Structures are given as structure tokens and as C-alpha cells.
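> Sharing a model prediction with you, sequence too.
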Amino acid sequence: MNLVIGDPRHGRVEISVDREHGVVDVNSSSLPNATVMRRQGSMAGDPSPIGTRDPKQLVLTVGSDSGQVSPGTGFATRRSYRIRVEYRDASYELTPRSANVSRFSRNGVELATFDRAPTGAMEVSWAPQASITPGEAALGYLLVGAYGVGSPGVLKSIVGHGGTPF
């Protein structure tokens with residue numbers, strides 16, 4: 001599955017998801033390549049595009065730097081769908097705000113909002129006051145590709161109508 005986004009700051013960004021092999025890639029001429037993948041031999045056991053919420057089973061790289069992914073459990077509350085990443089001496093989070101919107105932040109400061117339209121199209125709004133490196137932008141897109149945007153409410157989570165990819 002591929003998603004192409006026209007980013008107002010970074011131009012064309014492509015997110016590629018290979019669910020079978022558990023690989024998500026971000027490619028853009030203005031951003032470093034970024035990848036998150038399941039470790040070899042691990043099995044998909046989660047409905048997220050990457051297929052796992054076990055941090056021990058994930059490898060994340062942005063350019064030549066690596067990071068540590070810590071996904072939430074992804075059950076019941078929106079907050080449980082939060083994804084944390086330690087990358088380049090900073091803490092990043094992708095936190096659902098509604099069924100179709102997630103906030104991307106560094107050390108608690110908002111960097112961007114990702115919004116998924118009902119058609120599946122993705123829009124990003126970069127915080128005007130935030131200084132964002134190309135690596136951070138690639139990381140935000142990588143988390144969106146691996147875990148999607150937004151989350152279902154408590155009732156839908158408990159009943160079993162989880163979120164949709166991207």
C-alpha cells in the first residue's frame with residue numbers, strides 16, 4: 001500500500017507499507033529515507049500497518065540514525081494509541097486527538113498535526129513557530145505510516161471496530 005502526500009514544506013512524500021513483511025518506508029527528495037520494520041522472524045499480531053506494538057520487535061532508522069519505538073497498547077482509550085520514540089536525544093510522540101487526527105510533538109512541543117480525510121487523503125499542518133528538521137519530518141511520516149492517524153473512541157475499541165490505516 002502506498003500513500004503520496006503533497007507536503008506544504010517538504011514537497012512530495014511517499015509512504016510505502018508492506019504489511020506482509022512488516023516494513024514501512026518514507027521517501028522524498030527533500031527528506032532523509034526513513035524505515036521502521038519488524039525484526040526478522042517476528043510475526044504480525046496487531047492490526048496496525050506495521051503489525052506489532054512490541055517495542056522489542058521494531059527497528060527504526062531515519063537516514064543513518066536509529067531510534068527506539070515504544071507504541072502504546074492500542075486498546076480502549078485514545079491515549080493508549082500513542083506512539084513514543086526516542087531519537088537523537090529527544091522524545092517524540094504521535095498522539096491521537098480524534099478518530100482522524102493525530103498530533104506529532106518533540107519534548108511536549110507540537111510540531112505538526114496529521115489529518116486523514118474520509119477519502120483517505122492525508123494533510124499535514126506544520127506548527128509555524130516550531131523549527132523542524134528534515135529528519136523529524138521523516139520521523140512523523142514514518143509513525144503515521146506504521147500506526148496510522150487518529151484512533152477509534154472507547155466504545156469502538158471495546159466493540160472491535162479499530163481504526164483504519166493511515
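Nice, thanks for sending it over.

> Nearest residue to the middle of the chain?
Centrality entry for the chain: nearest residue to the mean C-alpha point is L143, 1.7 Å, by CA atoms, centre = their mean.

> Hmm, Y92 and R82 touching each other?
No. R82 lies out of contact with Y92 (CB atoms under 8 Å); the separation is 10.8 Å. In short, each C-beta sits where N, CA and C put it, glycine included.

> Please state the offset of the helix of greatest length in the chain from the chain centre?
Using DSSP state H, we find that the single longest helix of the chain is helix 134-147. In this view, helix 134-147 has its centroid 5 Å away from the chain centroid, taken as CA atoms, centre = their mean, to the nearest Å.

> ok, and the closest non-adjacent residue to V69?
Leaving aside its sequence neighbours, V69 sits nearest to L58 (CB to CB, 6 or more residues apart in numbering; 4.7 Å).

> Against P71, how distant is that neighbour?
Separation of L58 from P71 (CB to CB, to the nearest Å): 8 Å.

> How about residues contacting stretch 20-40?
7, 10-18, 42, 44, 49-52, 56-63, 69, 134-135, 137-139, 141-143, 145-146 (CB atoms under 8 Å, 6 or more residues apart in numbering).

> so what's the backbone phi/psi at S29?
The phi/psi pair for S29 (degrees, to the nearest 10) reads phi -70, psi -20.

> how near is it to N2?
The spacing between S29 and N2, counted by CB to CB, is 16 Å.

> Neighbour count: those two, which is higher?
N2 (11 against 8; other CB atoms under 10 Å).

> which one is that one nearest to, not counting chain neighbours?
Leaving aside its chain neighbours, N2 sits nearest to S16 (5.2 Å; criterion: CB to CB, 6+ apart).

> Could you report the neighbour count for that neighbour?
Neighbour number of S16 under other CB under 10 Å is 15.

> for A146, same thing?
30.

> Ok, the one 3 residues further on next?
By the other CB under 10 Å criterion, the neighbourhood of V149 contains 28 residues.

> check contacts around it.
Applying CB under 8 Å, 6+ apart, we find V149 in contact with P96, N100, V101, S102, F114, D115, R116, M122, F166.

> export these to CSV and tack on neighbour count and distance to S151?
Compiled in CSV, these are given as follows (neighbours: other CB atoms under 10 Å; distance: CB to CB, whole Å):
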residue, neighbour count, distance to S151
P96, 27, 4
N100, 18, 9
V101, 17, 10
S102, 27, 8
F114, 25, 12
D115, 17, 13
R116, 23, 11
M122, 22, 16
F166, 20, 13
